[in-house]
Structures are given as structure tokens and as C-alpha cells.
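Trainee: turn this into a structure:
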Amino acid sequence: MERNPDSTNAHPEHTNASTDTNHPVSTTNTPSTQQDHAQPRTPQYRPQSRRTTRITIITLCVVLALIAAVVGWSVYTNRIKSALSPNETTLSNNSSNTGANGNQQNTNPLLDTSNDQCDTQLQVVASVNQWGSLAQSIGGKCATVTSIIASTSVEPHDYEPTPADLAKLQQADIVILNGAGYDPWATKAQLDSTRQHIITVGSLVGIDQNDSATGNTNDSDSESTSSDTQHDEHTSEHTHAHTHTHAHTHTHAHTDSNGNSINPHLWFDLEAVDQAAHAIEHTYAQVAAAQHSTSTSATITKRFQQWDSQYDVLTKHVAQLKAQNANKKLSFISTESIIDDILTDLGITNITPESYTNAMNNDAEPSPSDLQHALDLLNSKQATMLIVNPQELNNYAQRLQQAAQQANIPIIEVSEQLPENQSDLLTWLSTIVNKVEQASHTAS
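Mentor: Numbering: from 1, shown residues only. Here you go, the predicted model:
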């Protein structure tokens with residue numbers, strides 16, 4: 001019987017299968033049918049599923065990598081901060097006004113002039129912006145204050161005034177000078193004490209201009225002395241009870257007629273700041289009264305009371321810190337006598353070699369033995385902090401700074417001029433006190 005050719009090739013796969021295996025070929029079409037239905041799904045769905053899976057995995061990896069990077073960076077920076085020695089986090093006087101606990105201090109109400117009522121404008125010129133800032137705080141919107149030296153980039157000791165500077169001093173109604181040999185260039189303006197109100201802070205605290213070698217022969221001193229006498233009578237009516245006391249050891253090279261050294265950085269002397277503020281308020285009141293400016297007078301009184309309150313907060317804080325430092329045996333070395341008075345008020349001892357200080361403040365070179373003495377005090381950690389004036393960072397100051405860094409001694413930078421980012425003198429002084437407090441905690 002002949003085979004049907006069609007029957008032979010009807011299911012070739014079955015024939016091949018029967019030749020390749022010992023098992024009988026199933027005549028059921030179900031496996032073949034399922035295979036026929038399953039085969040088209042492979043190219044349509046499996047590649048898409050795998051592609052989606054790959055994208056999901058990649059996305060997840062990227063997200064995890066980003067999270068790890070953020071966490072890692074946070075951990076890294078925290079470790080760096082905790083590992084840094086105090087000198088590597090140099091305490092700059094440009095820093096914000098925060099206490100040792102890191103909390104931001106209260107906003108100064110003196111910055112708000114929205115409620116100031118003025119029916120006259122006080123024209124004030126200060127030789128330096130430290131006193132100009134104080135004058136502005138008390139005068140508020142009622143005072144137009146110009147400071148001749150108003151930048152930390154200016155060298156105040158060698159300053160030469162321009163004709164425009166001298167004209168500003170001559171035209172002002174109220175002039176505020178530091179005195180104590182710090183701004184002798186201001187005397188070139190030939191101020192007229194018969195017309196102008198001249199406040200010289202050095203005279204207020206008993207420093208005679210001639211003693212401090214300024215060569216000042218104009219009448220500004222007599223005006224300041226006269227103003228100071230009137231100021232004393234005025235303040236006797238003012239209930240002002242500060243508990244702040246001073247035991248200053250001035251170490252600046254300027255000397256008085258008795259040979260006593262004078263520190264001309266009077267804005268770092270809290271007592272001098274207080275006396276200057278009273279003299280400014282008294283002078284403002286005089287000018288406003290002469291012009292029958294009742295609104296200006298009321299504003300000046302209000303603002304001075306606000307300033308006085310802020311000053312009391314600062315001096316009480318200083319007194320508290322001094323009590324806390326009583327048993328800590330804290331000491332400092334300074335590249336130049338700047339905040340010596342504040343540090344003394346805080347109960348911190350100045351161990352800077354006197355001959356080194358005198359040499360630096362006279363723009364002279366310290367002897368090798370004086371420099372080595374200061375370096376030894378830092379290397380042996382007898383000094384617990386170093387004070388640096390960034391405006392006078394010479395080679396000797398840099399060597400002291402390097403020694404402090406190697407010994408992990410806190411470095412506090414304090415410029416002479418009020419930094420641009422500090423709103424006013426009291427805020428700046430509070431910032432400095434807080435930085436010293438922070439360094440004291442580190443040292444102890």
C-alpha cells in the first residue's frame with residue numbers, strides 16, 4: 001500500500017522527534033498548539049519587560065548614590081568641623097554676633113529708625129567709623145554722620161587726609177575725634193571750637209593730646225574738656241548705674257607726661273565708649289535745643305535710652321564672663337595692643353612681652369630675643385589665645401600666628417576699624433566678647 005506523501009510531511013517535527021528519541025510521539029496537538037501561541041509572546045513582551053527592569057534598577061542605583069553622597073558629605077563636613085583645631089577655625093571679627101552656644105543674639109533696636117521724628121538734621125563728622133557708628137546709633141534718622149576713615153583696608157596710623165576730608169571736618173556742626181595720638185591728622189583741619197562742637201574721646205577719659213604726642217595745639221581739647229564738665233553735670237541727672245569696673249593696664253607705646261603708656265584704641269575701652277556716648281547725647285541735645293527742635297530732642301532721648309540699655313546688657317555679660325574665668329588662668333598674646341582692655345575686663349591676663357609690644361606699636365622691629373620669648377609662650381601653650389590685627393599682619397605677626405596654629409591655640413582676629421558687615425559699635429563689641437568667650441571655652 002502506497003504511503004500518502006501528504007501524510008509523511010504533515011508533521012515533520014513529529015517525525016524528527018521520533019527519530020531523535022526513544023519515546024513514542026504523542027499524537028496530541030495540545031503541546032504544539034501551546035507552543036504556537038507562546039512563541040509570538042517572546043519577541044513582544046520579554047524585551048520590554050527586561051528594558052523596564054533595567055531602567056528601574058538604574059534609577060534606583062542613581063537615587064541610592066545621591067542619597068549616599070548627601071549623607072556622606074554631611075558626615076564628612078561634621079567630622080571636619082569637629083576635627084579642626086581652634087586655630088583652623090580662626091575667630092574673625094567679621095563673624096556674626098552669636099554666643100558660645102551658637103544662638104543668634106537679639107536684633108538691635110537701634111537699627112530701627114522708622115519711628116524717629118526729626119525737625120532738624122544734625123551734621124556730624126567723625127575721624128574714624130568706630131565713633132561715627134556710635135554717633136549714628138544715638139542720632140538715628142536725625143543725624144547725618146560721615147566717617148573719614150571707614151574701611152578696614154585703610155592704614156589709620158599713617159593716614160593722610162585729602163583736602164575734601166579736611167573740608168568735611170571744617171564744615172561739620174559736630175566733630176568726633178579719638179585723640180590719644182590715634183588721629184593727629186585731624187588737627188590739620190584747623191577746627192573752630194567757637195562754632196563747632198568738638199568731642200575728643202581721649203580728653204573725656206583724661207588723656208591729654210600733647211601727652212600722646214599728637215602736637216595738637218588747636219582748641220579742640222579745651223572744648224572737649226569744657227564739654228566733659230557740662231557732660232558730668234548732665235549725667236548726674238541721668239540715673240545711670242553700671243556695675244562695670246576697669247582695671248586697665250595700657251600697653252600701647254604712646255605715653256603721657258608721667259611716662260605711663262597709653263592705648264589709643266579707646267573704642268575697645270568700655271568705659272571710654274560709655275563716656276563718649278554720654279558726650280554725644282549731651283551735644284546732640286544742646287544743638288537741638290538751640291534750634292528749638294523738640295522732635296529731634298525727643299528722638300535723641302529715646303534712642304540714647306535704647307543704647308544705654310544695650311550697653312548695660314554688654315557690660316553685665318562681660319562681668320559674668322569675668323566671674324566664670326576667675327579660676328581658668330586664661331592668658332593671651334597680642335600681635336598689637338588692640339582689645340587689651342576688653343580682655344582685661346574679662347579676667348584674661350596679658351602675657352605679651354612688653355618690649356615686643358612697644359616695638360610693634362612704634363613700628364620698630366622687635367629684638368630676636370623678644371620674638372623668641374613670645375614664640376616660646378605659644379609653643380609651650382602658656383598663652384591660651386592669640387589676638388591678631390589683620391590690618392597689621394607683618395612678618396612677626398605671621399610667625400606668631402603660625403606658632404599658635406601648630407600649638408592648636410585659638411586665634412582671634414580683630415581689626416582696628418569697624419568691619420563693613422558689622423552694623424554698629426556695640427554689636428561689634430558684643431561679637432568680639434562672644435568670640436573671646438568661645439575661645440575661652442576651647443582653651444579650658
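
Trainee: tell me where the stretch 51-200 of the chain is predicted with low confidence.
Mentor: Scanning the stretch 51-200 of the chain for pLDDT under 70 picks out 70-107.

Trainee: switch the cut-off to 80
Mentor: Within the stretch 51-200 of the chain, the segments meeting pLDDT under 80 span 51-55, 63, 68-108, 157, 187.

Trainee: ranges for the helices of it?
Mentor: For the stretch 51-200 of the chain, the helices defined by DSSP state H, counting those that start in this stretch occupy 129-139, 163-171.

Trainee: in the shortest one, what counts as buried?
Mentor: Pointing back at helix 163-171 there. In terms of neighbour count (16 or more other CB atoms under 10 Å), helix 163-171 has its buried residues at D165, L166, K168, L169. All C-beta atoms are positioned from the backbone trio N, CA, C, and that covers glycine.

Trainee: now do stretch 360-367
Mentor: The neighbour-count check on stretch 360-367 (16+ other CB under 10 Å) flags M360, N361, P366 as buried.

Trainee: for stretch 287-301, same thing?
Mentor: For stretch 287-301, using 16+ other CB under 10 Å, the buried residues are V287, A288, S293, T296, S297, A298, T299, I300.

Trainee: farthest pair in the residues you listed?
Mentor: The largest separation in these, counting by CB to CB, is between V287 and A298 at 14.2 Å.

Trainee: show me where the protein has strands.
Mentor: Under the criterion DSSP state E, the chain contains strands at 91-92, 122-128, 143-149, 174-177, 197-200, 254-255, 261-262, 331-334, 349-350, 385-388, 411-413.

Trainee: save those as JSON lines, and put in mean neighbour count and distance to G206 too.
Mentor: Shown next, in JSON lines, are these (neighbours: other CB atoms under 10 Å; distance: least, CB to CB, whole Å):
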{"stretch": "strand 91-92", "mean neighbour count": "20", "distance to G206": "32"}
{"stretch": "strand 122-128", "mean neighbour count": "26", "distance to G206": "19"}
{"stretch": "strand 143-149", "mean neighbour count": "22", "distance to G206": "24"}
{"stretch": "strand 174-177", "mean neighbour count": "27", "distance to G206": "15"}
{"stretch": "strand 197-200", "mean neighbour count": "27", "distance to G206": "11"}
{"stretch": "strand 254-255", "mean neighbour count": "18", "distance to G206": "14"}
{"stretch": "strand 261-262", "mean neighbour count": "21", "distance to G206": "10"}
{"stretch": "strand 331-334", "mean neighbour count": "24", "distance to G206": "24"}
{"stretch": "strand 349-350", "mean neighbour count": "16", "distance to G206": "21"}
{"stretch": "strand 385-388", "mean neighbour count": "28", "distance to G206": "25"}
{"stretch": "strand 411-413", "mean neighbour count": "22", "distance to G206": "29"}
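
Trainee: reformat those strands as CSV; add distance to T52.
Mentor: CSV is the format used below for the strands of the chain (distance: least, CB to CB, whole Å):
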stretch, distance to T52
strand 91-92, 55
strand 122-128, 72
strand 143-149, 69
strand 174-177, 77
strand 197-200, 81
strand 254-255, 82
strand 261-262, 82
strand 331-334, 68
strand 349-350, 74
strand 385-388, 63
strand 411-413, 59
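
Trainee: out of those strands, nearest to L64?
Mentor: Ranking those by proximity to L64 (CB to CB) places strand 91-92 first, at 39.3 Å.

Trainee: what about the residue nearest to L266 when sequence neighbours are not counted, how many neighbours?
Mentor: Excluding the flanking residues, the one nearest L266 by CB to CB, 6 or more residues apart in numbering is A272, at 4.2 Å. By other CB atoms under 10 Å, 24 other residues sit near A272.

Trainee: wait, A272 sits on S203?
Mentor: No. With contact defined as CB atoms under 8 Å, A272 does not count as touching S203 (10.8 Å).

Trainee: just the pLDDT for R46.
Mentor: Listed pLDDT for R46 reads 56.

Trainee: what's the local residue count around T56?
Mentor: Other residues close to T56 by other CB under 10 Å number 10.

Trainee: got it, and the one 5 residues further on?
Mentor: Burial of C61 is recorded as 10 neighbouring residues (other CB under 10 Å).

Trainee: how close does it sit to R51?
Mentor: C61 sits 16 Å away from R51, going by CB to CB, to the nearest Å.

Trainee: could the helices of the stretch 51-200 of the chain go into TSV alongside distance to L66?
Mentor: Shown next, in TSV, are those (distance: least, CB to CB, whole Å):
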stretch	distance to L66
helix 129-139	47
helix 163-171	57
